[in-house]
Each structure stands twice: as C-alpha cells, then as structure tokens.
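**Student:** my questions concern the predicted model and sequence given below.
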Amino acid sequence: MADRKISQFNQQTAIPSGSYFSFIYNGQNYKVLDTDFYSALGVTGTLEQAGDPLGIPILNKAGTVNQIRNIESGPGVNASLSVEGGIQLSSAVTFDDSGVKLVDDATAEILNYRSLIPGDGIAIGGTDGEITITATEAAVSTKTVLVNQLSDLPTPVDSVITLNADTEYFLLNDVDLASNRLVFSDKTTLRGSDSVNITLTYSGTGVMLTSAVGTNRIKLVTLSCVNGAILDITAPSGAIFRMVDVSYDCDVFGTITGGSFPDGGALRFTNVSGSSATNGLLTVGNFSVLLYDTASSSIDVGTFIDLDAATYNALYLNTIILDMGVGATFLSGLSSSGNLNPGSIGSVNQCRFGNDGVYLDGVDVSDARWVFFENDKIPDTRVDALISIQGNAAETVISSAGVPVKMAGTWVDNGASGFTVDSTGRMTYIGERTARLPIDMTVTLLSATGGDKQLGAYVAINGTQLLETKKVGTASNTKAASVTLIWQHNFQNGDYVEIFLSNESGTDNVIGEGAVGRIN
C-alpha cells in the first residue's frame, strides 16, 4: 500500500493531553488516545534520581540518552544474579577456621566483627588505618636493652663483653656468643621471654658468665655451655644471686664465692634444671642462705652440690629430681654440721634420685643441724639417743634419805642423732630446733648393804630431778627392784637428761645394776 499523507507535519515540543497517535495494523489505519498509549507502554510518571545526590546513580543521563549502569564485582564484593533474577551483592571474603575468629559467624546476614582487647603485657592502638599490637612487657623501662643478636650487646674487648650496671638485657631471640664471655656489673640482669625457646650459647672452654660485684639475676633462658663452665660468681655480704626458670646444658655448672664470715650473699635457684657432664655447683666462702627449689637435672660424674668448706646461716634443698651417673654425688660437705653456723638449719626434702650414685659425702642425716625428710634414697633424720649400762657395781653415794643423787657408773653410747652422749649417762640435745620428744628409762636397783629398802629413781633434766617421774621399788643387797620412768620434754639446744637415784628408807648407798635410757 502506498504511503499517504495523513496531516500536515507541524513542529510541536509537547504532546497535548487528548492527542491521538496513529498506526497501521493489517492494512487498516487506527488511532490510540495518548493516555492509553502511555499506559500500554508502562511509562506513566517520570524517572528521577533518589538518595544521596553525591552517590553513584544507577541511571546515567547522557544527553537525550538515559543509561542504566551495570553492577560489577569489586575487591571484597561479589555481584551476581539471584535465583529469582534479582541482583545479589555478597562479601567476597574467606574466613580461616583456625585460631580465634575475627567474625563470630561468617554465615550470618550481618557480619559481627569482634573487638581486639589488650591483655596483660599487651597494648593495642589504631591510627591511620592501621592496628598496632605491642608487647608492653618487652621494654619495661629505660633500663631495658632488647637483644635480638650478638651486636645488640656491648662490643667485645678481647672476647669479653662487659654488661652495664643497673641494666636488664632482654633476649628476644637466640643469641650465640661464640667464644665471647659475659661479665656482669652490679645489678645486671639477663632474661629471655621463655627458657623453652630462647637459648644463649657459649662455645668457649672457659667460664660463660662471671661477676665480681654481687647482685645479679638470670631468668627465663636456656644456657648452653657444653665445653666450659656456666658460672663464676662472687656474692659478697648483702648481695643476692638468683637464677629463676632457667635450663642449662654444660660441662660444669660453676663456682660461687661468698663473703667474709659470718655471712656473705644469698643464693637462690628456683626451677633451674639441666645437665652437667663433669661437675655441678661448688660454693666457697660464707653465705647467708642457699635455696635450691624444684629441679629436674642430671649429672654424669662429679658432685651436683659441693659445699666444700663454705658456711651458711640457712640452707634448703627441696624437690630436686636428679639422674646420677656412676660415681656422681648429690651433696658433699663437712661432717658434724660443719657447713652450718651455730643456730642454723640445713634442710633436704622430697628429693628423688635416678640410678645409684653417692647421695651424701661428709654430710650425714644424724648431724645435729641437718634435717632430711621424705627423700627416696636418703633416710629421714630421726632425733634420738640410746644409752645402756649392764653389770654395774658402782655405788651411788647417798647422804640423806629421800634425796636423789645422779646415778654412778660408766654408760655405753648405743647411738645418737641430734644428741651427744657421755660415759656418765648424760644425753645432751644439740639440735637447733625446739623438739618435743618422749623420754623412756628402765633401771634395776640394789641396795649396797642390808635388807629390804625403798629405793627410788627419777628423770632429771638439766641437773634437776623431776618429782613427777619418781618411781620406787623394794630391794636389798641381794634382791633387785626394776622401775620404769616415762616423761616428755620440749628440748632446746643444750638441754640434757640423766637418771637420779634415791634411798627413801635411809642412807645406804644405791647401785643401779643395769639400765637403758632412750629419747626418741
């Protein structure tokens, strides 16, 4: 069908309401009202931007063209079509299941990120888009030097590194000294973060750590010195040398020298464990105290703790587990409490030993100032005394009836610990601790002359007979009487016990024919 002119084509910038649009369908001309046309197209109303005018619009007006922008994926954001045909935005983030999660539920519609809260020794800060986590314990003061490598220590001079006084050296990593040794100044301390993972190594054959001034501390580090000795320390009066939470591997543990009599420095070893090949700790001089508490160690040969001739005001060895090689010794010192000053106590408690070495050399469990308790291969200290006399004919001279006199005769020492015993029958307590102990005595009595008489016996303490202990028996010069005496006393150093006899009937002398005395 040929084209037809249906009207004049005058220019119009708007479509007036009530206008008609014409169209041809199946060879016929038709018209449609403007409102019906708009409704059929679905373009009634206007398209406008909504929301923040500074935002990125979905509809882009490019001149006379209205562009609908695509939504694209970006870093951390994923754009996709949902099963219903919508545009779905999701986070393009993966979450590690190990450790503590920053997001408590990665599948939640709203992701909840946990806060970082500092604990003890930790500080957390946030600036310029960064989170900073700092170990506040690392440098606790301006006196702390952080050591990551050998060059962080003072420069060696002839293979000697002299550490500064009043300074803590904090090892943050393993440090190899090579053949350089360390010299401590006064109040120098050395520590690591943990002895499990921080090791200070010395490969020389001399002494790894020395000090000639006094107060020092080593903490939380492993000391490796397989060709030499770890320590050569001087601890004068008032000085304190401490090793705490330290492991070691060495040929010789070392020597500590104390001050002048009566006391030098104090020594403290707490949770110090390791292995010595040929010798342990040797102490020389005078000290106020040695405390060695909690250890699991081994020694191939030599002595674990050698007191030599050193003296102490107090000494405590507690909870030491020691694996001993053949011929190794646990504790060596002077006999008769020679390493302990008057009024002092040496205590060895709850120690355990692997293999059969020499447990005590010179020192003995019966020494008056030593106390051994609950050690698996060393007997417990038992404070006691046992004396006896048999076939005695010596007469106890009686001057007045009923007046006790110390029993005459020569006694035998059958064993004493914490006591001394003399031949006159005196048992003297020499222990340093107050001890409440029972006293048991049995004596057979005879009259020196004549017939039956009432003869008595008493326990006497410090030369004074105790009337409460008096026992009386009937005896003659041919017929004996046996009496038993029982008492108990709070013994202090120097207290002594004896048997006194009496004639309650007259002044005939009395014979203690046989007797046994025990304090236990």
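**Tutor:** Noted; the coordinates are in hand.
**Student:** only C-alpha atoms from now on, for both contacts and neighbour counts.
**Tutor:** OK.
**Student:** just checking, residue 417 touches residue 366?
**Tutor:** Yes: the criterion here is C-alpha atoms under 8 Å, and residue 417 meets it with residue 366 at 4.5 Å.
**Student:** and for the helix or strand containing residue 346, what's in contact with it?
**Tutor:** Per DSSP states H and E, residue 346 falls inside strand 340-349. Contacts with strand 340-349, where a contact means C-alpha atoms under 8 Å, 6 or more residues apart in numbering, come from 262, 311-319, 369-375, 432.
**Student:** anything in contact with each of residue 417 and residue 366?
**Tutor:** 381, 382, 383.
**Student:** now, of these, which are buried?
**Tutor:** 381, 383 (16 or more other C-alpha atoms under 10 Å).
**Student:** and which of the shared contacts of residue 417 and residue 366 is nearest to residue 227?
**Tutor:** The closest of the shared contacts of residue 417 and residue 366 to residue 227 turns out to be residue 381 (C-alpha to C-alpha; 38.6 Å).
**Student:** ok, that closest one - contacts?
**Tutor:** Taking C-alpha under 8 Å, 6+ apart, one finds 365, 366, 370, 371, 372, 373, 417 in contact with residue 381.
**Student:** can I get these in TSV including secondary structure, pLDDT and neighbour count?
**Tutor:** Shown next, in TSV, are the contacts of residue 381 (DSSP: H, G, I helix; E, B strand; the rest coil; pLDDT from 0 to 100; neighbours: other C-alpha atoms under 10 Å):
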residue	secondary structure	pLDDT	neighbour count
365	coil	95	22
366	coil	92	23
370	strand	95	24
371	strand	95	22
372	strand	97	21
373	strand	95	17
417	strand	92	21
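**Student:** just flag the most distant two among these.
**Tutor:** Across those (C-alpha to C-alpha), the longest gap, 14.3 Å, separates 373 and 417.
**Student:** low-confidence ranges in the chain?
**Tutor:** Scanning the chain for pLDDT under 70 picks out 1-9, 42-49, 95, 97-99, 109, 119-121, 123, 128-129, 134-141.
**Student:** so which residues of it form helices?
**Tutor:** Counting by DSSP state H, the chain has these helices, from start to end: 34-41.
**Student:** and it, what are its domains?
**Tutor:** Listed domain ranges for the chain are 16-43, 144-373, 384-519 (source: automatic domain parsing).
**Student:** so which of the ones you listed is nearest residue 82?
**Tutor:** Using C-alpha to C-alpha, the nearest of those to residue 82 is domain 16-43, at 25.1 Å.
**Student:** tell me which residues in the closest one are buried?
**Tutor:** 20, 34.
**Student:** now stretch 189-207
**Tutor:** 189-195, 198-204, 206-207.
**Student:** and stretch 74-91, by the same measure?
**Tutor:** By 16+ other C-alpha under 10 Å, stretch 74-91 has no buried positions at all.
**Student:** end-to-end on it?
**Tutor:** One end of stretch 74-91 sits 10 Å from the other (C-alpha to C-alpha, to the nearest Å).
**Student:** need the contact list for the residue nearest to the spatial centre of the chain.
**Tutor:** Most central residue of the chain, judged by C-alpha distance to the mean C-alpha position with C-alpha atoms, centre = their mean, is residue 271 at 5.3 Å. With contacts taken as C-alpha under 8 Å, 6+ apart, residue 271 has the following neighbours: 244, 245, 246, 293, 294, 295.
**Student:** 10 Å - rerun?
**Tutor:** Residue 271 sits next to 219-220, 243-247, 292-296, 319-320 when contact means C-alpha atoms under 10 Å, 6 or more residues apart in numbering.
**Student:** tell me which of these is nearest to residue 507?
**Tutor:** Among the contacts of residue 271, and counting by C-alpha to C-alpha, the member closest to residue 507 is residue 319, at 60.5 Å.
**Student:** residues touching that closest one, list them.
**Tutor:** Taking C-alpha under 10 Å, 6+ apart, one finds 271, 292-296, 348-352, 374-375 in contact with residue 319.
**Student:** buried among these? Need that as a selection in PyMOL.
**Tutor:** To isolate the buried members of those in PyMOL, using 16+ other C-alpha under 10 Å:
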select buried, resi 271+292+293+294+295+296+348+349+350+351+352+375
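**Student:** ok, so of the contacts of residue 319, who is nearest residue 108?
**Tutor:** Residue 108 lies nearest to residue 271 out of the contacts of residue 319, by C-alpha to C-alpha, at 49.0 Å.
**Student:** distance check, residue 449 against residue 54.
**Tutor:** Residue 449 is 134 Å from residue 54, where distance means C-alpha to C-alpha.
**Student:** same check on residue 387?
**Tutor:** 109 Å.
**Student:** neighbour count: those two, which is higher?
**Tutor:** residue 387 (22 against 6; other C-alpha atoms under 10 Å).
**Student:** so the more buried one touches residue 422, yeah?
**Tutor:** Yes: Residue 387 is within contact range of residue 422, at 9.1 Å (criterion: C-alpha atoms under 10 Å).
**Student:** which residues of the stretch 301-450 of the chain fall in strands?
**Tutor:** 303-306, 311-324, 329-332, 340-349, 352-354, 358-361, 370-373, 384-389, 395-396, 405-406, 412-417, 419-421, 427-429, 435-447 (DSSP state E, counting those that start in this stretch).
**Student:** which among the ones you listed is found nearest to residue 116?
**Tutor:** Closest approach to residue 116 among the strands of the stretch 301-450 of the chain (C-alpha to C-alpha): strand 311-324, 41.5 Å.
**Student:** between the closest one and strand 340-349, how big is the angle?
**Tutor:** 30 degrees (axes from the mean of the first three to the mean of the last three C-alpha atoms, to 10 degrees).
**Student:** for residue 316, name its beta-bridge partners.
**Tutor:** residue 291, residue 347 (DSSP bridges).
**Student:** go on, residue 157?
**Tutor:** residue 160.
**Student:** cool, thanks, signing off.
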